[in-house]
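> Following is a predicted model, sequence given first.
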Amino acid sequence: MGRFSFPMAPGRSEALGEIHARPFALVGQSRVIFQVAFLTDGGAAVDHAVLAELARGRGVAVPGRDTAHFAMAWGQGTLRWERHAEFSTYFWDAPAPVQFGGPVETHPFGDQFSPPGSMISGIRLEVRADSAETRAALESFDPTSLCLSEVKGGRATIVTDFRQDGDGLTRILVIDKGMTDAGRGAVVQRLLDIETYRTLAAMGLSLARSLSPEMRRIEDNLTKITQAMKNGARENADSLLAEITVLAAELEANAALSLFRFGASRAYYTIVRERIATLDETQQPGYETIGAFLEKRLAPAMRTCQSIEERQANLSRKLSRATTLLRSWIDVELERQNSALLGSMNRRVKLQLRMQQTVEGLSVAAISYYIVGLFGYLAKPLDALGLPVKAGTLSALFVPVAIGFTWMVVRSIRKRHDVEGDPETTKKA
């Protein structure tokens with residue numbers, strides 16, 4: 001056959017490799033498994049530095065910074081590291097101790113281990129063959145929260161009480177009744193995912209509880225403002241608008257803070273439900289399944305987060321409507337003030353026009369007076385010529401002519417200025 005050397009689409013390698021990114025670890029009989037999940041508070045660089053230190057300590061080549069999955073031999077088991085969006089997990093297995101919950105002397109998470117961030121989940125899971133000693137281990141679980149069910153068609157029994165031991169690890173027991181290594185690995189991975197993601201999903205609840213009093217305060221203040229709007233809102237519109245603006249800024253800051261956390265909680269909760277469904281538990285008489293136990297406790301937490309999100313959205317709409325109403329009143333008040341200002345300006349213009357007309361009349365009289373005076377000086381020499389009309393009579397006869405001429409000149413100048421100041425006339429020109 002010829003080579004299929006075609007140009008590859010961008011992202012094809014990543015898309016093909018994604019389905020093989022998280023293969024189930026093959027888990028043998030009678031094993032103890034530790035998985036610890038850390039929030040990557042310091043970022044991917046810190047997480048990679050911790051992994052690189054572990055690899056160098058075991059004489060293994062340090063993985064690249066873009067690596068999302070890594071595994072290396074450690075003692076009698078394998079240490080597996082995996083990076084997620086906001087956390088990373090460290091998985092290690094070893095032969096199970098003689099007794100359930102017994103000490104494991106050597107593991108990667110001792111004093112030499114430097115965590116990349118704060119621990120969000122810690123699990124100790126033991127896979128043991130079905131025996132009287134294994135059944136006796138059920139007595140070590142808290143009966144008030146004990147969950148026990150069968151999976152894999154009765155080939156395994158899973159037991160947990162979601163309580164933490166002295167090391168802060170959630171204890172889970174898997175009683176093996178004939179599973180294959182791959183089957184044990186699948187059950188183990190699903191149980192680890194359920195415990196890790198249910199803890200991450202519940203992180204939104206603490207944020208919701210912390211935001212609830214703040215939401216209540218904003219709601220109470222908005223109620224006070226809307227009540228104040230019923231009485232004297234026009235007079236106090238500016239101050240009320242300032243108060244609403246502050247409330248809106250606080251609400252948006254809280255919404256931005258909770259946007260990622262609530263969205264992540266919903267996604268994690270969906271993963272938990274998917275893993276529970278994949279387990280396909282069979283309930284045992286007198287015991288509760290893991291799915292039923294978590295549904296009763298996680299569902300209310302998720303509804304609380306959803307309630308806070310809905311309250312934020314509703315409160316945002318209410319603040320927006322109140323702001324719009326106040327701005328409408330402010331705009332009406334500004335229109336009223338502008339109308340009053342325009343009326344005042346109109347009156348001033350009319351007064352200025354009257355004063356201008358008065359000044360024009362006085363200007364005509366004054367200029368005519370000077371013109372008649374100049375004409376009188378010119379007419380005085382005519383008396384020496386013995387003309388029948390005297391200079392005084394000529395000056396008197398010239399007065400109407402001077403006034404008419406002066407008035408026409410002043411009016412012509414005013415009309416020219418009016419034409420130059422008219423935008424419509426200027427546009428036509």
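That came through, no problem.

> how about the helices in the stretch 251-400 of the chain?
Per DSSP state H, counting those that start in this stretch, the stretch 251-400 of the chain carries helices over the ranges 290-379, 391-421.

> For the last one, buried residues please.
Read that as helix 391-421. 391, 394-395, 398, 402-403, 406-407 (16 or more other CB atoms under 10 Å). For every residue, glycine as well, the C-beta is placed using N, CA and C.

> re the thing from before, now tabulate the helices of the stretch 251-400 of the chain in TSV and tack on distance to residue 245 and mean pLDDT.
Output for the helices of the stretch 251-400 of the chain, formatted as TSV (distance: least, CB to CB, whole Å; pLDDT from 0 to 100):
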stretch	distance to residue 245	mean pLDDT
helix 290-379	7	81
helix 391-421	43	74
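
> Turn the ones you listed into JSON lines, columns for distance to residue 85.
Formatted as JSON lines, the helices of the stretch 251-400 of the chain follow (distance: least, CB to CB, whole Å):
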{"stretch": "helix 290-379", "distance to residue 85": "18"}
{"stretch": "helix 391-421", "distance to residue 85": "69"}
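
> Relative to residue 136, which of those is closest?
Ranking those by proximity to residue 136 (CB to CB) places helix 290-379 first, at 21.3 Å.

> And the closest one, what does it pack against?
strand 147-151, strand 156-164, helix 181-229, helix 237-279, helix 391-421 (3 or more CB pairs under 8 Å, 6 or more residues apart in numbering; DSSP states H and E).

> residues making contact with the helix or strand hosting residue 78?
Using DSSP states H and E, residue 78 sits within strand 77-83. Under the criterion CB atoms under 8 Å, 6 or more residues apart in numbering, residues 22, 25, 31, 40, 44, 47, 51, 54, 67-73, 88-94, 108 lie in contact with strand 77-83.

> Okay, buried residues for that strand please.
For strand 77-83, using 16+ other CB under 10 Å, the buried residues are 77, 79-83.

> do the same with stretch 281-299
Result for stretch 281-299 [16+ other CB under 10 Å]: buried residues 281, 287-291, 293-294, 298.

> Now do the end-to-end distance for that stretch.
19 Å (CA to CA, to the nearest Å).

> List the contacts of that stretch.
145-151, 154, 157-158, 160, 162, 194, 198, 201-202, 269, 272, 276-277, 279.

> Repeat that for stretch 244-256.
Taking CB under 8 Å, 6+ apart as the rule, stretch 244-256 contacts 211, 214-215, 218, 221-222, 225, 312, 315-316, 319-320, 322-323, 326.

> Sort out which of these are buried, if you could.
Using 16+ other CB under 10 Å, the buried ones in these are 211, 215, 218, 222, 225, 312, 315, 319, 322-323, 326.

> Dump these into a markdown table; add distance to residue 187 as well.
Converted to a markdown table, the buried ones among the contacts of stretch 244-256 look like this (distance: CB to CB, whole Å):
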| residue | distance to residue 187 |
| --- | --- |
| 211 | 38 |
| 215 | 42 |
| 218 | 47 |
| 222 | 52 |
| 225 | 57 |
| 312 | 40 |
| 315 | 45 |
| 319 | 50 |
| 322 | 55 |
| 323 | 55 |
| 326 | 61 |
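
> Among the residues you listed, which one sits closest to residue 117?
residue 211 (23.4 Å).

> Give me the distance between that closest one and residue 256.
12 Å (CB to CB, to the nearest Å).

> that older thread, tell me which of the helices and strands packed on helix 290-379 sits most buried.
Ranked by mean neighbour count, the helices and strands packed on helix 290-379 are led by strand 147-151 with a mean of 22 (mean count of other CB atoms under 10 Å).

> Appreciated, that's everything.
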